[in-house]
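>>> Got a predicted model here, sequence first, then my questions.
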Amino acid sequence: MRYISTRGGIAPIPFAEAVMMGLATDGGLLLPEKLPTVSLAEIVGWRDLAYPELAVTVLRHFIDDIPPAELTRLVRRSYTGFNHPEITPIVAHGDCHILELFHGPTLAFKDIALQLLGNLFEYLLAASGDRMNILGATSGDTGSAAIYGVRGKERINIFILHPYGRISPIQEKQMTTVLDANVFNIAIRGTFDDGQAIVKKLFNDIPFKEQYQLGAINSINWARILAQVVYYVYAALRLTEAQPGEGGRLSPGSQVDHANRVSQVNQTNQASHANQAGRANQVGHVSGVNQVDFAVPTGNFGDIFAGFVARRLLPGLIGRLILATNENNLLTRFVQAGDYSVSAVRPTSSPSMDIQVASNFERYLYYLNGEDPQRTRQEMEDFIRTGSLRFNPERLAQIQADFVAQSADEAATLATIRNFYRDHGYLLDPHSAVGVYAALACRRPNIPLVCLATAHPAKFGAAVAAATGRPPALPPALAKLADQESRCQVLAAEPGVIKDFVIRHAL
C-alpha cells in the first residue's frame, strides 16, 4: 500500500513515511493510492474478533511495511489503558445505538487514534534514530489525547495550541496538568481556526519543517483517520447479521440486564454511564438487519471521513453517514446546499466543533473530484484565497449521495441532552447530543442507527447541568485534576511567535 497527496505533488510513499510526513510536502493531505474493499467471504472471519484483533486485521489492509507481529504489539499496547473490555461498547437507547468512544485515558474518542499514533511514532523513531517535534492545534479533546499519547516518550517533544478561554475548564486542566518535560501547552489569543492556520503555515514552511522534524498529530495525519475506521467496522459487524455468502446467519449477541450492568460498573468504577438510571442493554446482532446508519458529530470532517473510508471497505454494510454540526454549520451547508463558505466562529457548548475550516475536507474533495489532484489543488487554492467554494447541482447530487446533514443550535443541543436523560436516564455530552439530534432528524425505519458518543459528559459538566439541572458525577480521572499544578504559555496567535517558541524548545 502506497500513499499519495490530494494535490499530486509527491511520489507514492509507504505508510511509515506517510505517518512521519503528516501534511504532504506539496501542502495536500495523504491518502492511499486506492481505497481497499473486502469481500463478504472475508468479512465472515472478522465478526467474532475482539476489538484489538479486529483493529490489526483492518489496519493490515492499509499497512504493509510494519511486520504483522510488531503491528499487533503496537495495537495491543495502545488499548491496554482503556477502562472497558470492549474498548468501544455499544448500548441501545430508544432509536439510537450509542457507540461509546470515551473509555480511553482522557475520556474522549480521540484516544482511540492518538494512543495508537503515539506508539507508532515511538516505534518508527526508535527504528530510524530520528527525533520529532509534534505541533498541533486543538479545539478541545485532541490536545489532551495527543499529550497523553506521547507524554514521557523519548525522541518526541509536543507543542499543542488551544484557543485561550474557549475550551472547557476540564479540557484545559487535562492538558495543562501534564508536566512531563516533553510537553508544551500554548494558549493562543484567538480561535481554533487561527491555531489550525498557524500549524498549516508552519508545516508548509518546508525548511523549518525539515530542520526541526515537525510531526503532525492532528487529523491531517492519515494514521488518525485509519485508526477511526476500525470502530465503524466494529459497530457495523456487531449490529448486522451474516449475509448470503458469509456462511449463513449469526445468532443475536448476549444481552446484559440493567441491574447486572449497574452492579458491574459500580464495582469496577469504570468511567461509563452504566451507573445511571435506565441503562439499556448492551447489544449484539440485530435480527434481520444487513445495514447500519451512522450519525457523526464533526467539525473537522475527520471522523465522518473515517466512516466514508469504512463504507468503501465494507460494501453494503454501512448505509447513511449523517453529518452533524452545531451552529458552526459550514459542513451542513456544504451537504445541504453545496455552499462551503467560511463565516465567523460562534462559541457553543460543544467547543470541539466550533470550527469554520474543516481540515479533512480536502480528502473528500479529492474523491468528489474523481481523484483528480490538479482540480483539487486549484479548488483548495481558490478556497484559501476567497474563503468560499460553491458546488453545482451535479456535484451536489454526488455529495448528497455520500452524506446527509443536520445542524443543531444551542437550544436544540441542550433540549436533546435534557430529553434523552428524561427518556432514557442516559447523559450525553453536548457533542454527542448534536449527533443524536441529527440522527433522530434523519433516521430511516428499520435500519439500526449508531450515534457516536465522542466524550464523557463530565468533561462538559456546565452544559449538562444547564440542560438537566444536575451536574454529572466526575470520574476519578477528572476529579483529581482540580488540585494539580498546571503549566501553560499564553502567546499571540501569530505564526512568527509560535515559530520562535518552537525553535527555543525543540529537540
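It's in. Residues are numbered from 1 along each chain as shown.

>>> Tell me the first helix or strand C-terminal of the helix-or-strand element of the chain with minimal mean pLDDT.
Ranked by mean pLDDT, DSSP states H and E, the weakest helix or strand in the chain is helix 258-268, scoring a mean of 30. Using DSSP states H and E, the next helix or strand after helix 258-268 towards the C-terminus is strand 292-297.

>>> list the buried ones in that next one?
292-297 (16 or more other Cβ atoms under 10 Å). Heads up, the C-betas are built off the backbone N, CA and C, glycines and all.

>>> Please apply the same query to stretch 18-31.
For stretch 18-31, by 16+ other Cβ under 10 Å, it's 18-25, 27-31.

>>> taking those residues one by one, which sit in helices?
With DSSP state H as the criterion, helices contain 18-21 from among the buried residues of stretch 18-31.

>>> picking up where we left off before, any chance of the buried residues of strand 292-297 in CSV with distance to residue 169 and pLDDT as columns?
Below are those laid out as CSV (distance: Cβ to Cβ, whole Å; pLDDT from 0 to 100):
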residue, distance to residue 169, pLDDT
292, 36, 97
293, 35, 98
294, 31, 99
295, 28, 99
296, 26, 99
297, 21, 98
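
>>> What is the nearest of the residues you listed to residue 159?
Comparing the buried residues of strand 292-297 against residue 159 with Cβ to Cβ places residue 297 closest, at 26.7 Å.

>>> partner residues bridging that closest one?
residue 324 (DSSP bridges).

>>> That one and residue 453 touch, don't they?
No: contact criterion Cβ atoms under 8 Å: residue 297 and residue 453 do not qualify, at 9.1 Å.

>>> what is in contact with those two at once?
By Cβ atoms under 8 Å, 6 or more residues apart in numbering, residue 297 and residue 453 have these common neighbours: 432, 435.

>>> what's the nearest residue to the spatially most central residue of the chain if we skip its chain neighbours?
With the centre of the chain defined as its mean C-alpha position, the nearest residue by Cα atoms, centre = their mean is residue 303, 4.4 Å away. Sequence neighbours aside, residue 296 is the residue nearest to residue 303 in space, at 5.3 Å (criterion: Cβ to Cβ, 6 or more residues apart in numbering).

>>> what's near enough to touch that neighbour?
Residue 296 makes contact with 303-304, 307, 321-324, 435, 452, according to Cβ under 8 Å, 6+ apart.

>>> now the nearest residue to residue 18 once chain neighbours are set aside, which residues is it bridged with?
Closest residue in space to residue 18, ignoring its immediate chain neighbours: residue 3 at 4.0 Å, by Cβ to Cβ, 6+ apart. For residue 3, the beta-bridge assignment (DSSP bridges) gives partners residue 13, residue 32.

>>> quick one: low-confidence ranges for the stretch 201-350 of the chain?
242-289 (pLDDT under 70).

>>> swap in the chain?
Using pLDDT under 70, the chain drops low at 242-289.

>>> wait, is residue 162 part of a strand?
Yes: checked against DSSP: H, G, I helix; E, B strand; the rest coil, residue 162 lies within a strand.

>>> what's the burial count for it?
27 (other Cβ atoms under 10 Å).

>>> Help me confirm that it comes into contact with residue 189.
No: using Cβ under 8 Å, residue 162 is not in contact with residue 189, being 11.2 Å away.

>>> quick revisit: quick one: contacts for the residue nearest to residue 18?
Taking Cβ under 8 Å, 6+ apart as the test, what residue 3 contacts is 12-15, 17-18, 30-33, 222.

>>> of those residues, buried ones?
Buried among the contacts of residue 3 (16+ other Cβ under 10 Å): 13, 15, 18, 30-32, 222.

>>> out of those, who's nearest residue 201?
For these, the nearest to residue 201 is residue 30 (18.5 Å; Cβ to Cβ).

>>> For the stretch 1-150 of the chain, which segments count as helices?
15-21, 40-43, 51-59, 68-79, 110-128, 141-150 (DSSP state H, counting those that start in this stretch).
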